[in-house]
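1. Next input, structure requested:
(chains A and B)
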Amino acid sequence: MRELLLANQAIARGAWEGGVKFAAGYPGTPSTEIIETLAARYPETNPRWSANEKVAFEEGMGAAIGGLRVLVTMKHVGLNVAADAFMVFPYSGTNGGFVVVSADDPGMHSSQNEQDNRFLARMGKVPVLEPSDAQECKDFVILGLELSEQFASPVMLRTTTRLAHHKGLVELGERKEVVQAEFIPDPRRFSVPIYRLLRRPEVEKRLHDIQALAETYRLNRVEHADSPIGVVTSGISYQYVKEVLPDAGVLRLGMTFPLPPDLLRSFCAAYPTVYVVEEGEPFIEEYIRSLGITNIIGKELFGVIGEYSPARLGEALGVTKIPTPLKEGINLVMRPPMLCIGCGHRTVFATLRQLKVTVAGDIGCYTMGALPPYEAEHTTFCMGASIGTAVGLERAGHERVVAVIGDSTFIHAGIPSLIDAVYNDSRLTLVILDNSATGMTGSQPHPGAGKNARGEPAPKLDLAELVRATGVQHVTTVDTWQRLEVFRALRKALAHPAPAVVIAQGPCQQLPEMKRRAIVPFLVEQELCTKCEACFKVWCPAIVRDQEGFPFIIASDCTSCTVCAQVCPTEAIRLADEAVTA
Amino acid sequence: MDRIYSLMFAGVGGQGSLLIADITSLAAVQANYDVKQTEVHGVSQRGGSVETHVRFGRKVYSPLVTPGQADVVVGLEKLEALRFAHYANPDSGYVLVNDYEIIPASVANAEKIYPHQVVDHLRSKGFNVIVLPASQIARDLGDGRMANVVMLGGLSNLLPITLETWDKTLRMRIPTRYLEPNLEAFAKGRHLLAVRQPAS
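-> Residues are numbered from 1 along each chain as shown, chains lettered A, B, ... in the order given. Okay, here's the model as predicted:
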């Protein structure tokens, strides 16, 4: 039976069919749907959202040396967080099959950088599989688990955004249960760093053996053609090559680390010109050049930045003329993303702007606080960086610095920084945007949400207690939709001579329970409205201007957050008489 | 049968462009085509531009549609139709536009700078533009949110997929309690464009 699946769903299906009994990850675009799918459809894989990627990886590592088949998922920068474990796991190697999905995001659709994690794999000496479509996403997970067990090595499955986020037809199979491998405690293999030196040659030998396999591995597929042009490619780029150069010979590398030198030599010798087409860095290309092969053209033609596409390849090769967006003679107005209607972050950023403070931000929906109309977030680097950055800015002499971090990000990587801020005598002011969700990736639960990945009740982390336990004495919890409460709490926190934390609480509007609830919307009484414009300055997309210049609240969009009613000086904004059901 | 059909669905987050792209892909699967689909969107759940690419045929490689090669660009909103019109094949492609404007809430002075002349502009550039009052029809049927399905009904005339297959797919994909009004919305949209021949 064939089904149209998102490639990330196909990866989940592959884990299920491949007998995975433990799966963990932290939400991150473009990897999130894998654990979501496992949680919704495949409980046998025991899926979970972990506190961060390092925890997910380590739990997976334990489960794998304990003998289970394991899938661990994360976005490219997530592997940076997990890198400590990732780099050392190959030394002991695994018992059960272990596949880590690294979802790279060329084009930075939802990321703070571009990063080609094949380099991390090479550094860690971990083999890399790169599927080219949804069917292969499923198949390669199963093959990766087998490869992992054959060589006792962790395996990376590398996807990129366009692969992960496309749908294609996938042939479904049955789940194959796998006998749990045996865990024999052995300090020479699993512990005591001085023994690791003895394991070191094993790592090299294993890579050498995998490289020998790569020469004939069926995932490295040659499609020879009677053509002057050959192409070496991997991942989704293979599809673009087939569109743009349908007559070329193709070497599709399904395993991009370690690379097969003899296969590359013989393929490149068969064509006068060989294009190397790969999304991300020139990883394959530089290896081919290192073999002394010179008849190749790669990044100098196709470029290193951003996503590939048939249009981009066609244009680079001069075979397609690509029309551009219509901008001449008409105003093609942008439609940038924005905070959702009723988002609780709005009051916080409006307040931060009003207080004219310097804001060290973090990773989440609230990076939009940097954009108009707020322009109240001045730095954003990586998960958890807000607190450390704020401490550093303060030491550099900047007064009135506020760190802003989401609840999920705080749990992920903010806690050690807060402990450090207290320990090292900072005056840190911190706002935790507590919306009970990992919002930006689609409102997944986390340890502070009171439920697990499968939606079952789970122990709820008490953020205020946690913050107090670090030694912060000034902790205020406010209703994030009460603008005066937020304002007063922040002003007091800023005046406090020691670390102070404001927890701005209010659930994410995208949570299923928030979307399902019946809402009594607000409306504008025109007789009372003086067109003072105060409500427009809330910047709520549900408030539009009617033809006479009066504000009009779109009832079906209103979340009843009350903020517009709070700012109206004439009480012209009031609750409607009946509820609207979503 | 070797021909590949390329479609681009453009709209504003929350309008349901992804839903009608999904239904189109599923209908193409029901009609025994190979299908690929992909969505490109920003970080926000609501309010930003959303583009969905759908391609079907005997064998499809790329999920991405190349500008200048789409058979139909479906714009659920006029500014978004303008943003993606260049994807339409300049010779044989259609730009199917919902007669509906959403002022970008996240742009200063957007009401003053919004381009109200999108349809005329596209026609002056030689695009084959078909305007459907989908939002109005949907409101008349009791829920403006069904504009996407009215547009899908219009689109259905331009694709080599039978009415029976569309009907079956709608029944598969739309929850029972919303099904009847949506079938009606689809029928209205289909009727509006029924005089046109399928693209060959």
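2. Where does the record place the domain boundaries for chain A?
-> For chain A, the structural domains run A:2-214, A:221-317, A:345-514, A:518-575, going by automatic domain parsing.
3. can you tell me the distance between the two ends of the third one?
-> Read it as domain A:345-514. One end of domain A:345-514 to the other measures 16 Å (Cα to Cα, to the nearest Å).
4. ok, now the shortest one?
-> The stretch domain A:518-575 measures 13 Å between its terminal residues, going by Cα to Cα.
5. Do it and chain B come into contact?
-> Yes. Shown here: domain A:518-575 in contact with chain B (Cβ under 8 Å from any Cβ of the partner chain) through A:Trp539, A:Cys540, A:Pro541, A:Val544, A:Arg545, A:Ser556. In this view, the C-beta of every residue, glycine as well, is placed from N, C-alpha and C.
6. So what are the sheet partners of the helix or strand encompassing B:Met8 and their directions?
-> Element membership for B:Met8, per DSSP states H and E: strand B:5-12. Strand partners for strand B:5-12, identified by DSSP bridges, are recorded as strand B:49-57 (antiparallel), strand B:72-75 (parallel).
7. With mean neighbour count and mean pLDDT as added columns, please give these in TSV.
-> Listed next are those as TSV, based on neighbours: other Cβ atoms under 10 Å in any protein chain shown; pLDDT from 0 to 100:
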stretch	mean neighbour count	mean pLDDT
strand B:49-57	24	96
strand B:72-75	30	98
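8. wait, which of the ones you listed is closest to A:Ser237?
-> Distance to A:Ser237, taken as Cβ to Cβ, is lowest for strand B:49-57 among those, at 16.5 Å.
9. neighbouring contacts of the closest one?
-> Strand B:49-57 is touched from outside by A:335, B:1-13, B:15, B:17-18, B:21, B:24-25, B:28, B:33-42, B:62-65, B:80, B:83-84, with contacts defined as Cβ atoms under 8 Å, 6 or more residues apart in numbering or on different chains.
10. Buried subset of those, written for PyMOL?
-> To isolate the buried ones among the contacts of strand B:49-57 in PyMOL, judged by 16 or more other Cβ atoms under 10 Å in any protein chain shown, type:
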select buried, (chain A and resi 335) or (chain B and resi 4+5+6+7+8+9+10+11+12+13+15+17+18+21+24+25+28+33+34+35+36+37+38+39+40+41+42+62+63+64+65+80+83+84)
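11. hey, which helix is longest across chain B?
-> Using DSSP state H, we find that the single longest helix of chain B is helix B:176-192.
12. Please point out which parts of that one sit buried.
-> For helix B:176-192, burial by neighbour count (16+ other Cβ under 10 Å) applies to B:Pro181, B:Asn182, B:Leu183, B:Glu184, B:Ala185, B:Phe186, B:Ala187, B:Lys188, B:Gly189, B:Arg190, B:Leu192.
13. for stretch A:384-404, same thing?
-> Neighbour count says stretch A:384-404 has A:384-391, A:393-394, A:401-404 buried, by 16+ other Cβ under 10 Å.
14. likewise stretch A:571-581?
-> Neighbour-count burial for stretch A:571-581, counted by 16+ other Cβ under 10 Å, picks out A:Ala572, A:Ile573.
15. Quick check, the residue in the stretch 201-350 of chain A closest to chain B?
-> Nearest residue of the stretch 201-350 of chain A to chain B, counting by Cβ to the nearest Cβ: A:Pro337, 3.2 Å away.
16. tell me the mean pLDDT over the longest helix along chain A?
-> If you go by DSSP H, chain A has its longest helix at helix A:193-214. Across helix A:193-214, the average pLDDT comes to 93.
17. thinking again about what came up before, between the buried residues of stretch A:384-404, which is nearest A:Thr73?
-> Nearest to A:Thr73 among the buried residues of stretch A:384-404, counting by Cβ to Cβ, is A:Gly384 at 19.7 Å.
18. who touches that closest one in this structure?
-> By Cβ under 8 Å, 6+ apart, the contact set of A:Gly384 is A:Asp362, A:Ile405, A:Thr409, A:Phe410, A:His412, A:Ala413, A:Gly414, A:Pro416, A:Ser417.
19. ok, now how distant is it from A:Gly406?
-> Counting by Cβ to Cβ, to the nearest Å, the gap from A:Gly384 to A:Gly406 is 10 Å.
20. what residues are shared contacts of the two?
-> Each of A:Asp362 lies in contact with both A:Gly384 and A:Gly406 under the rule Cβ under 8 Å, 6+ apart.
21. Please name the residues that touch the nearest residue to A:Pro187 once chain neighbours are set aside.
-> Excluding the flanking residues, the one nearest A:Pro187 by Cβ to Cβ, 6 or more residues apart in numbering or on different chains is A:Tyr195, at 6.6 Å. Residues counted as contacts of A:Tyr195 (Cβ under 8 Å, 6+ apart) are A:Pro187, A:Arg188, A:Arg189.
22. surely the second one meets A:Leu197?
-> This points to A:Arg188. No. Using Cβ atoms under 8 Å, A:Arg188 is not in contact with A:Leu197; the gap is 10.9 Å.
23. more neighbours, the two?
-> A:Arg188 (12 against 9; other Cβ atoms under 10 Å in any protein chain shown).
24. hang on, that one is in a helix, isn't it?
-> Yes. Counting by DSSP: H, G, I helix; E, B strand; the rest coil, A:Arg188 is found in a helix.
25. Return the distance of the closest residue in space to it that isn't next to it in sequence relative to chain B.
-> Using Cβ to Cβ, 6+ apart and skipping residues adjacent in sequence, the residue nearest A:Arg188 is A:Tyr195, 4.7 Å away. Between A:Tyr195 and chain B the distance, using Cβ to the nearest Cβ, to the nearest Å, works out to 46 Å.
26. Against chain A, how distant is the residue most central in space within chain B?
-> Closest residue to the average C-alpha location of chain B: B:Val74 at 3.1 Å, with Cα atoms, centre = their mean. To chain A, B:Val74 is 17 Å away according to Cβ to the nearest Cβ.
27. So what sits opposite that residue in the bridge?
-> Beta-bridge pairing for B:Val74 (DSSP bridges): B:Phe9, B:Leu96.
28. so what's it up against?
-> By Cβ under 8 Å, 6+ apart, the neighbours of B:Val74 are B:Leu7, B:Met8, B:Phe9, B:Ala10, B:Ser17, B:Ile20, B:Leu96, B:Met151, B:Leu155.
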